[in-house]
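Novice: My questions concern the predicted model and sequence given below.
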Protein chains: 2
Amino acid sequence: MTQATEVLDRVLHLATLVQSDLARFEREAGLTTPRVHLLWVLGEAGPSTQQALARALAVTPRNVTGLVDGLVASGHVTREPHPTDRRATLVTPTTQGARTIRELVESHDDLARRLFGDVAPERLTTFDEVLGATVERFAGLMAAEAAR
Amino acid sequence: MTQATEVLDRVLHLATLVQSDLARFEREAGLTTPRVHLLWVLGEAGPSTQQALARALAVTPRNVTGLVDGLVASGHVTREPHPTDRRATLVTPTTQGARTIRELVESHDDLARRLFGDVAPERLTTFDEVLGATVERFAGLMAAEAAR
DNA sequence: TATTGTTATACTCTATAACTATA
DNA sequence: TATAGTTATAGAGTATAACAATA
């Protein structure tokens, strides 16, 4: 196995570990990955139409209906009327939903601190630079694929 | 946002990009993520009982029944009798399944090469060392959680 | 005419519980 | 008695297609 493959495998391993940390959060909150993802988007974008959520999550509008139904049932969001467009609804976090979103962000930051907080700055910078260059290289590959 | 959080976000971003590359493979092969995962395990372990697959995939035996049903229907694996235990079946790749597994490994290696192949060795080494130390730190965190 | 969201339908992945055949 | 796999049942996530209300 080449070094490049070993490094990729380690990146994927780290990703599965982070995923397992998120799974713990989901278990404790009684939520699922797609619902947490939706809450995360709400936290970043604020109250949103279901169309906007469908685009952000890269799923169909029909799918968002189901996710929002579940989050309404669990008390995390409500459907509010859109102020100017009577077709649309604004999915809005409840008090409980807002608390969950805050806890999610805190959990994420806490994990980051525990994982990278005490890495020597110059090594972390090298790490981050290689990571950034890799992400850019990937974007190039994807663009080439799409143009094919 | 702290530097640690930015780095974690970039790791997750890279992970989603790699995931999208896998999704392309799945689309072209007419497969799903859990089925590809099962094929990957078969590629590493060789013909396996469904119990062994359930453990390797961390799902219930019932779930493996469904995944194997799908892969039998698509012509990627067969259920062969276990040579010594008549209760068990050996899930075995077909010629087509073996070809898919080879393509999967090649696609993975190819991606690794394109992502990391031309990074300067000393920078890649630093990258990998930080990555390895992070994974170890994570294992410690998880163990502490489990003991709690 | 186009857009927003829902109803109808279907498939995949996932789980628990009960059951059959075999060890 | 324990183990391997399946049947029965249920819920979540995903999709496409057709539809109603509104823009």
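Specialist: Good, I have the coordinates.

Novice: From here on, just use CA atoms for contacts and neighbour counts.
Specialist: Noted.

Novice: From A:Thr92, how far out is the residue nearest to A:Leu57 when sequence neighbours are not counted?
Specialist: With CA to CA, 6 or more residues apart in numbering or on different chains as the criterion, A:Leu57 has its nearest non-adjacent residue at 7.2 Å, and that residue is A:Leu38. Plainly put, A:Leu38 is 11 Å away from A:Thr92 if you go by CA to CA, to the nearest Å.

Novice: mind listing the strands for chain A?
Specialist: A:77-81, A:89-93 (DSSP state E).

Novice: Deepest in the core, which of these is it.
Specialist: By mean neighbour count, with neighbours taken as mean count of other CA atoms under 10 Å in any protein chain shown, strand A:89-93 ranks first of the strands of chain A at a mean of 21.

Novice: Need the residues that contact that strand.
Specialist: Applying CA atoms under 8 Å, 6 or more residues apart in numbering or on different chains, the contact partners of strand A:89-93 are A:39, A:42, A:46-50, A:68, A:76-82.

Novice: That strand: how far from the chain's middle?
Specialist: Chain-centre distance of strand A:89-93: 18 Å, with CA atoms, centre = their mean, to the nearest Å.

Novice: could you check whether that strand is close to DNA strand C?
Specialist: Yes: for strand A:89-93, a contact with DNA strand C is found by CA under 7 Å from any atom of the strand, at A:89-90.

Novice: angle of that strand against strand A:77-81?
Specialist: 150 degrees (axes from the mean of the first three to the mean of the last three CA atoms, to 10 degrees).

Novice: So, low pLDDT: which residues of chain A?
Specialist: Along chain A, the model assigns pLDDT under 70 to residues A:148.

Novice: if you set the cut-off to 80 instead, what comes out?
Specialist: A:1, A:142, A:145-148 (pLDDT under 80).

Novice: So which residues on it come close to DNA strand D?
Specialist: Residues of chain A lying near DNA strand D (CA under 7 Å from any atom of the strand): A:32-35, A:58-60, A:62-63, A:66-67, A:70, A:84-87.

Novice: from those residues, which is closest to DNA strand C?
Specialist: A:Arg62 (3.9 Å; CA to the nearest atom of the strand).

Novice: Would you tell me which residues of chain A are close to chain B?
Specialist: For chain A, the residues in contact with chain B (CA under 8 Å from any CA of the partner chain) are A:4-5, A:7-8, A:10-15, A:17, A:108-109, A:112-113, A:115-117, A:119, A:123-124, A:126-128, A:130-132, A:134-135, A:137-138.

Novice: for A:Glu80, what are its contacts?
Specialist: A:Glu80 neighbours (CA under 8 Å, 6+ apart): A:89-92.

Novice: again, only this time at 6 Å
Specialist: A:89-90 (CA atoms under 6 Å, 6 or more residues apart in numbering or on different chains).

Novice: quick one: it and A:Thr65, what's the gap?
Specialist: Counting by CA to CA, the gap from A:Glu80 to A:Thr65 is 14 Å.

Novice: Now the common contact residues for the two.
Specialist: Residues touching both A:Glu80 and A:Thr65 (CA under 6 Å, 6+ apart): there are none.

Novice: Find the nearest non-adjacent residue to the residue nearest to the spatial centre of chain A, please.
Specialist: Chain A has A:His37 as the residue nearest its centroid, 4.8 Å off, counting by CA atoms, centre = their mean. For A:His37, ignoring the flanking residues on the chain, the nearest one in space by CA to CA, 6+ apart is A:Leu57 at 7.6 Å.

Novice: Just give the number of residues close to that neighbour.
Specialist: Other residues near A:Leu57 come to 16 when the count uses other CA atoms under 10 Å in any protein chain shown.

Novice: Grab the nearest non-local neighbour of A:Leu8.
Specialist: Leaving out its chain neighbours, the residue that sits closest to A:Leu8 by CA to CA, 6+ apart is B:Ala112, at 5.8 Å.

Novice: residues contacting the one you found?
Specialist: Neighbours of B:Ala112 in contact, by CA under 6 Å, 6+ apart: A:4-5, A:8.

Novice: mind putting the residues you listed in CSV, neighbour count and distance to A:Gln96 included?
Specialist: Shown next, in CSV, are those (neighbours: other CA atoms under 10 Å in any protein chain shown; distance: CA to CA, whole Å):
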residue, neighbour count, distance to A:Gln96
A:Ala4, 22, 45
A:Thr5, 19, 43
A:Leu8, 21, 39
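
Novice: Would you mind listing what in chain A touches DNA strand C?
Specialist: A:49-52, A:61-62, A:64-65, A:87-90.
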